[in-house]
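Peer 1: Pasting the sequence and the predicted coordinates here, then a few questions.
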Amino acid sequence: PILRRRPEKVPPTPLKLIMGYQRLNKSLVKFKRPAEYQRWEKYSVNNILWIEEGNHHNTTRRYTLVFTSNSTCSVVRSDLGNGCEIWVPKSALSQGPSPCCNFLYQLLCGKQQYQMSNSSCPQEEPLTPSLSDEDSSEELSEE
C-alpha cells in the first residue's frame, strides 16, 4: 500500500467552538469559546486543540490527539484531571467507537470508562458564532 499525506488545509482563524452542557433542571447552557490548533514539541503537524478561557466560563482546556480514525472516533488526552476521552462524530454515534479506539483507550488511558452521552440527549442545531463574540452564554429550556 502507498500512504499519501493529505493536502494541508488551513483552519479558519479565529477558530470558535460552541460548547455546552445540560443542567439537572434540563436547561441547556451553550457558550462560544476561542480555540486554536497547536503543535507539541517536535511534531510536524498540529496535534493539540487549545480551548481558551472566556468571560463566563474561565477555564482553559488542552486536548492532545492520541489517535484518530477521522470518520468513526478519536482518542484525546485532556489536561482536565489527566484523563482521556473518546470523541465520536454525530455521523457515527449509532455504531459507537471503533474497536481500535476502544482498545487504544484501554491500553493508554486506563480501564475505567464513563458514558458521557446517550441517544436521549437533545440534538440541538448549532448556533452560528459571530467573530465579534468573545464569549457568550445562552440558556435554552428544553420544551
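Peer 2: Here it is on my side, so go on.
Peer 1: does residue 65 really touch residue 47, like I thought?
Peer 2: Yes: here residue 65 reaches residue 47: they are 4.6 Å apart, a contact under Cβ atoms under 8 Å. Bear in mind the C-beta positions are built from the backbone N, C-alpha and C, glycine included.
Peer 1: ok, and the closest non-adjacent residue to residue 92?
Peer 2: residue 72 (4.7 Å; Cβ to Cβ, 6 or more residues apart in numbering).
Peer 1: Distance-wise, check the spatially closest residue to residue 97 that is not a sequence neighbour relative to residue 105.
Peer 2: Nearest in space to residue 97, with sequence neighbours left out and distances taken as Cβ to Cβ, 6+ apart, is residue 73 at 4.1 Å. Plainly put, residue 73 is 9 Å away from residue 105 if you go by Cβ to Cβ, to the nearest Å.
Peer 1: cool, residue 18 as well?
Peer 2: Distance from residue 18 to residue 105, by Cβ to Cβ: 25 Å.
Peer 1: overlap in contacts of residue 73 and residue 105?
Peer 2: The contact sets of residue 73 and residue 105 overlap at 86, 97 (Cβ atoms under 8 Å, 6 or more residues apart in numbering).
Peer 1: Quickly list what residue 87 is bridged to.
Peer 2: Residue 87 has these beta-bridge partners by DSSP bridges: residue 74.
Peer 1: And for residue 61?
Peer 2: The partner residues for residue 61, given DSSP bridges, come to residue 51.
Peer 1: Quick one: residues contacting it.
Peer 2: For residue 61, the contact set (Cβ under 8 Å, 6+ apart) comprises 50-51, 78-80.
Peer 1: again, only using 10 Å
Peer 2: 17, 19, 33, 35, 49-53, 78-80 (Cβ atoms under 10 Å, 6 or more residues apart in numbering).
Peer 1: follow-up on the earlier one: does the residue nearest to residue 92 touch residue 94 like I think?
Peer 2: No: applying Cβ atoms under 10 Å, one finds residue 72 not in contact with residue 94, separated by 11.0 Å.
Peer 1: so what sits against both of these two?
Peer 2: With Cβ under 10 Å, 6+ apart, residue 72 and residue 94 have common neighbours residue 88.
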